[in-house]
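Asks: take this sequence and fold it.
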Amino acid sequence: MTFTIAEIAQALNARVYGDDTVVITGAAEPARATETDLAMAMSPAYADGLALGKARAAILWEGATHTDYGLAAAIVVPRPRYAMSGITKLLDTGPGIEDGIHPSTFIHATARIGAGAAIGPFVAIGKDVVIGQNARIAAHVSVAEGAVIGDDALLCAGVRVCHHVTIGDRFIAQPNAVIGGDGFSFVTPDKSAAEKARENLGAEEATPEVSDQSWTRIHSLGGVEIGDDVEIGSNTAIDRGTIRATQIGHRTKVDNLVQIAHNCIIGEDVLLCGQVGMAGSTRIGNRVILGGQVGVSDNIFVGDDVVAAGGTSIYTNAPAGRVLMGSPAVKMETQIEINKSLRRLPRLMKQFAELQNSVSKLVQKD
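Replies: Next comes the predicted model:
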């Protein structure tokens, strides 16, 4: 794939300086760029790298010029990082899935495959499945009975879409994502030790008659419903609902190794980073951002526009717009003060011991 600087600038709706006929075949960090790479000089911090690399053209920050760095051409944008989304989209060839349907693929006679689909080897598509137009499905994917997937989907290698899952248009699932497995839902004949502990907050120890019980499965009858333009990372698991469907709103993006439990409802434009864990029946508002390894307790609500720093543990409802940090989650500014206090604690304890010793000596004199 080759593009001129003029074509790239047109795709970004950006300004070009210098020779717009320069040909680009890829993108690179400035210090590693070749003559046909577009150097991604996102800020003045990359200026030294431009001198080390061989790029003839670069993305530059507002106020910079190509002549300052000996370039033949430059595209100048107000927000270079945002421009990366357009450039990478232009240059990304995606996984190599050949056109047509591979002869090793199994497609049930009742399944409906949209026009323009490209389906790789050893794919299994079950009874009554509906797959939209222009789908790209890589090797070893399975789509189970009654699942519906919209137009322009990309299912990477090893993805599992379970029975009666409904997915919108332009869906992307990275390798080995599992959508629609059973929820982790078990119950005992009488209240379990976990239920007792939740009621009394651990004030009473479990007795044999409570703890000596076996777990019985609650089966998952609901499905999973996913909106348009949703992306799911590698090895992420989204459990089906118990009675109603687990839901994920439009344009939500889910990173690798995320667990979304049964009955969760996730809003639109949500960002869930790696290793986020959401317990059952959690509700997440719109535009929420959960950093890596954030944990969310079951049956709580996280309001619109909440941001939680990495490693935060959310045990109670979070109001809209709150910025959270820590375990248990508190306002980020509060947690920062807590962290400062903890760092001071050894010194304070030493001072306390010295004061205690001084007071003891005074008491002894009296």
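
Asks: quick check: phi and psi on Thr88?
Replies: Backbone torsions of Thr88, given as degrees, to the nearest 10, read phi -70, psi -30.

Asks: mind listing what it touches?
Replies: Ala27 (CB atoms under 8 Å, 6 or more residues apart in numbering). The C-beta positions use only the backbone N, C-alpha and C, and glycine is treated the same way.

Asks: swap the cut-off to 10 Å and go again
Replies: Counting by CB atoms under 10 Å, 6 or more residues apart in numbering, Thr88 touches 27, 40.

Asks: run a quick neighbour tally on Glu205.
Replies: If you count neighbours by other CB atoms under 10 Å, Glu205 ends up with 11.

Asks: from now on call the first residue 25
Replies: Sure thing, new numbering starts at 25, so read that last one as Glu229.

Asks: so it, which state does it fall into?
Replies: Three-state assignment for Glu229 (DSSP: H, G, I helix; E, B strand; the rest coil): coil.

Asks: which helix or strand lies directly C-terminal to the worst-scoring helix or strand of the chain on mean pLDDT?
Replies: Ranking every helix and strand in the chain by mean pLDDT, DSSP states H and E puts helix 232-235 at the bottom, with a mean of 66. Sequence order places strand 240-241 as the next helix or strand after helix 232-235, per DSSP states H and E.

Asks: and that following strand, average pLDDT?
Replies: Average pLDDT, strand 240-241: 94.

Asks: ok, Leu62 to Ala98 distance?
Replies: 10 Å (CB to CB, to the nearest Å).

Asks: same question for Thr190.
Replies: Taken as CB to CB, the span from Thr190 to Ala98 is 46 Å.

Asks: around the closest residue to Lys277 other than its chain neighbours, how many other residues sit close by?
Replies: Once flanking residues are discounted, Lys277 sits nearest to Glu255: 4.9 Å by CB to CB, 6 or more residues apart in numbering. Using other CB under 10 Å, the number of residues around Glu255 comes to 17.

Asks: who touches Glu255 in this structure?
Replies: 178, 194-198, 201, 275-279.

Asks: and Asn363, by the same measure?
Replies: 349-350.

Asks: please redo it, this time with the cut-off set to 7 Å
Replies: With contacts defined as CB atoms under 7 Å, 6 or more residues apart in numbering, Asn363 has no neighbours.

Asks: ok, it to Arg136 distance?
Replies: For Asn363 relative to Arg136 (CB to CB), the value is 56 Å.

Asks: how about Ala148?
Replies: Per CB to CB, Ala148 is found 15 Å from Arg136.

Asks: likewise for Asn381?
Replies: Taking CB to CB, one finds Asn381 at 83 Å from Arg136.

Asks: Val172 now?
Replies: 9 Å.

Asks: go on, Leu115?
Replies: For Leu115, the distance to Arg136 - CB to CB - is 33 Å.

Asks: what does Ile48 give?
Replies: Applying CB to CB, the value for Ile48 to Arg136 is 40 Å.

Asks: neighbour count winner among these two?
Replies: Ile48 (25 against 13).

Asks: the stretch 25-174 of the chain: helices as residue ranges?
Replies: Counting by DSSP state H, counting those that start in this stretch, the segments of the stretch 25-174 of the chain that form helices are 29-36, 71-76, 104-115.

Asks: columns distance to Phe208 and mean pLDDT on top of those, output as a markdown table?
Replies: Converted to a markdown table, the helices of the stretch 25-174 of the chain look like this (distance: least, CB to CB, whole Å; pLDDT from 0 to 100):
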| stretch | distance to Phe208 | mean pLDDT |
| --- | --- | --- |
| helix 29-36 | 45 | 93 |
| helix 71-76 | 48 | 92 |
| helix 104-115 | 36 | 89 |
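
Asks: looking at these, which is buried most?
Replies: helix 29-36 (a mean of 18; mean count of other CB atoms under 10 Å).

Asks: residues in contact with it?
Replies: With CB under 7 Å, 6+ apart, helix 29-36 has contacts from 39-40, 44-46, 48, 62, 81, 97, 99, 101, 107, 110-111, 114.
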